[in-house]
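*Asks:* Pasting the sequence and the predicted model now:
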Amino acid sequence: MASPVVLTARGHPQVAASHAKTLEVTRDPDLTERGTCILGVDGRWDDTALLGLRGRQRITLRVGARTDELEATVSPGFLGGPSLVVRRGDDLADRTFAYAGTKGAAGLDRDLVAALRQPDAVLEVTLTPVGGEPPPGVLYVVGLPIGNHEDLTPRGRAVLVAVDVVLAEDTRRYRTLARDLGLTARDVRSHHLGNEAGAADALVEALAGGARVALVSDAGTPVVSDPGYPLVRRARQAGVTVRPVPGPSAPVVALSAAGIPADLVTFAGFLPRRAAARRAFLADLGRHPGALVVFEAPHRLAATLADLDTVLPGRELCVGRELTKIHEELAWTTTGDAAEALGAVEPRGEYTLVIGPAPAPAAPTGVDDDTVQRLVRALGDTVPTRTLADALATATGLSRRDAYRAVLALRDTDDDPAGDEGDPPEGGR
């Protein structure tokens, strides 16, 4: 069984310990308000030692000669931090150190609480494993920077430092990123398209045993055109908690700067490599409404731009290269002009293409008199003028007002059996 872990904190005159469901020790040096759940301030502990704890713990509190005890289960979602919170409920939030506690602050020995309020009071907390199976761990799906290392979120950093294992698409790339960002390397294992299916069962077994695991890709968010789907699916099927840790994603980054409507978007990942398959894919993709986002490799960019001109002509196009990196470029053009506009640039790096929606068909600007005459004469005098005008507007694109006036010009309204009267209808279509 693991050795006990000991931490210390100072008491404080404002300690009230009146909260029935929660107790807490904090690294903050002071309390500015009455502490209903805080027992000690200026806490001193080793995060690494606490992160190594699993399962049920006996928590012994000591202030001088006064002691009290409770039990709680270490939360698999605990990532370290400025406070250690023990809850009586089943709260597995990242900020919770342990849950299912047998006591809250209000249930502690009151003499011990009084001792915490004395000058120079020191609280000693000893955590001793009491056995039993730990709860399942957590699989974190962590978004990494797609170029600029400063885009790693604070939460992403905290997860990568706290987990037991990091699954990386390329361990060398991840170790370089970790070194540049000053992250502890941790246990870094290779997890890529070639081995992910076979490794999933063993990883899920480790997660079921309480391991905390982070899944990362070379850049951006895992599973999105990157490895990870089999593991995430198997973990969910096994009842393991899967938590997304948001970060950069090339499709979203490109859409945000493309200036192309993004209220309806289809993301299709990497295009097929073979020309015929690529053109067929683009033709099918072009039937989707809204903007389209695809990835392309530099050595196929020229061929893809030519295919776009053929298959999806007349569309807006934003071509993003090396997004968020030092040589980031965004080119705004159309599918018809892209090959010429980008032809002089040597394709290098990774490309994200945002293709605009299909252009709306041009609305008719007018209609010749012969068309109106043929329609009116075909329907005869039995159809009311307003009904005929509505039909004409729908068929030709004229406004209702112009269609009404065109019908009146060809029909003697005094002889109209339907007896239409009044002004032309307001508005248009």
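*Replies:* Sure thing, it's come through.
*Asks:* Nearest the geometric middle of the protein, what residue?
*Replies:* residue 246 (4.7 Å; C-alpha atoms, centre = their mean).
*Asks:* Thought residue 141 was touching that one, still the case?
*Replies:* No - counting by C-beta atoms under 8 Å, residue 246 stays clear of residue 141, with 9.3 Å between them. Placement of C-beta: from N, CA and C, glycine included.
*Asks:* Overlap of the contact sets of those two?
*Replies:* Jointly contacting residue 246 and residue 141 under the rule C-beta atoms under 8 Å, 6 or more residues apart in numbering are residue 221.
*Asks:* Just give the closest residue to the residue nearest to the centre of the chain, not the sequence neighbours.
*Replies:* residue 143 (5.6 Å; C-beta to C-beta, 6 or more residues apart in numbering).
*Asks:* Please name the residues that touch that neighbour.
*Replies:* Residue 143 neighbours (C-beta under 8 Å, 6+ apart): 153, 156, 220-222, 245-249.
*Asks:* cool, residue 330 as well?
*Replies:* 254, 257-258, 318-321.
*Asks:* cool, and residue 4?
*Replies:* 126-128.
*Asks:* Neighbours of residue 142, how many?
*Replies:* 25 (other C-beta atoms under 10 Å).
*Asks:* so what's it bridging to?
*Replies:* Residue 142 has these beta-bridge partners by DSSP bridges: residue 245.
*Asks:* Same check on residue 124?
*Replies:* Beta-bridge partners, per DSSP bridges, of residue 124: residue 8, residue 62.
*Asks:* How is the chain partitioned into domains?
*Replies:* 5-129, 138-247, 251-355, 361-429 (automatic domain parsing).
*Asks:* Tabulate those domains (a markdown table), appending mean pLDDT.
*Replies:* Formatted as a markdown table, the domains of the chain follow (pLDDT from 0 to 100):
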| stretch | mean pLDDT |
| --- | --- |
| domain 5-129 | 93 |
| domain 138-247 | 92 |
| domain 251-355 | 92 |
| domain 361-429 | 64 |
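*Asks:* before we move on, the earlier item: greatest separation within the contacts of residue 330: which pair is it?
*Replies:* 258 and 321 (13.0 Å; C-beta to C-beta).
*Asks:* Is residue 193 in contact with residue 228, as I believe?
*Replies:* No - Residue 193 sits out of contact with residue 228 when judged by C-beta under 8 Å, with a separation of 9.8 Å.
*Asks:* Comparing the two, which residue is more hemmed in?
*Replies:* residue 228 (23 against 11).
*Asks:* Give the full set of residues in contact with the more buried one.
*Replies:* Per C-beta under 8 Å, 6+ apart, neighbours of residue 228: 141, 191, 196, 215, 217, 222.
*Asks:* Now it: phi and psi?
*Replies:* phi 130, psi -20 (degrees, to the nearest 10).
*Asks:* quick one: it and residue 252, what's the gap?
*Replies:* The gap separating residue 228 from residue 252 is 17 Å, by C-beta to C-beta, to the nearest Å.
*Asks:* how about the helices of the stretch 251-400 of the chain, start to end?
*Replies:* 275-285, 301-311, 338-342, 369-379, 385-396, 400-410 (DSSP state H, counting those that start in this stretch).
*Asks:* nope, the stretch 51-200 of the chain is what I meant
*Replies:* Using DSSP H, counting those that start in this stretch, helices in the stretch 51-200 of the chain cover 110-116, 154-162, 171-181, 196-208.
*Asks:* Let's have these in CSV, adding distance to residue 241 and mean neighbour count.
*Replies:* CSV is the format used below for these (distance: least, C-beta to C-beta, whole Å; neighbours: other C-beta atoms under 10 Å):
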stretch, distance to residue 241, mean neighbour count
helix 110-116, 35, 18
helix 154-162, 13, 19
helix 171-181, 23, 15
helix 196-208, 9, 17
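*Asks:* could I get those helices as CSV with distance to residue 390?
*Replies:* Shown next, in CSV, are the helices of the stretch 51-200 of the chain (distance: least, C-beta to C-beta, whole Å):
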stretch, distance to residue 390
helix 110-116, 81
helix 154-162, 58
helix 171-181, 64
helix 196-208, 60
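*Asks:* Residue 300: which of the ones you listed is closest?
*Replies:* Across the helices of the stretch 51-200 of the chain, closest to residue 300 is helix 171-181 (C-beta to C-beta), at 22.7 Å.
*Asks:* list the contacts for the nearest residue to residue 260 once chain neighbours are set aside?
*Replies:* In this structure, residue 260 finds its nearest non-sequential neighbour in residue 356, 4.7 Å apart by C-beta to C-beta, 6+ apart. Residues counted as contacts of residue 356 (C-beta under 8 Å, 6+ apart) are 260-261, 291, 315-317.
*Asks:* hmm, try it at 10 Å
*Replies:* 258-261, 290-292, 312, 314-318, 334-335 (C-beta atoms under 10 Å, 6 or more residues apart in numbering).
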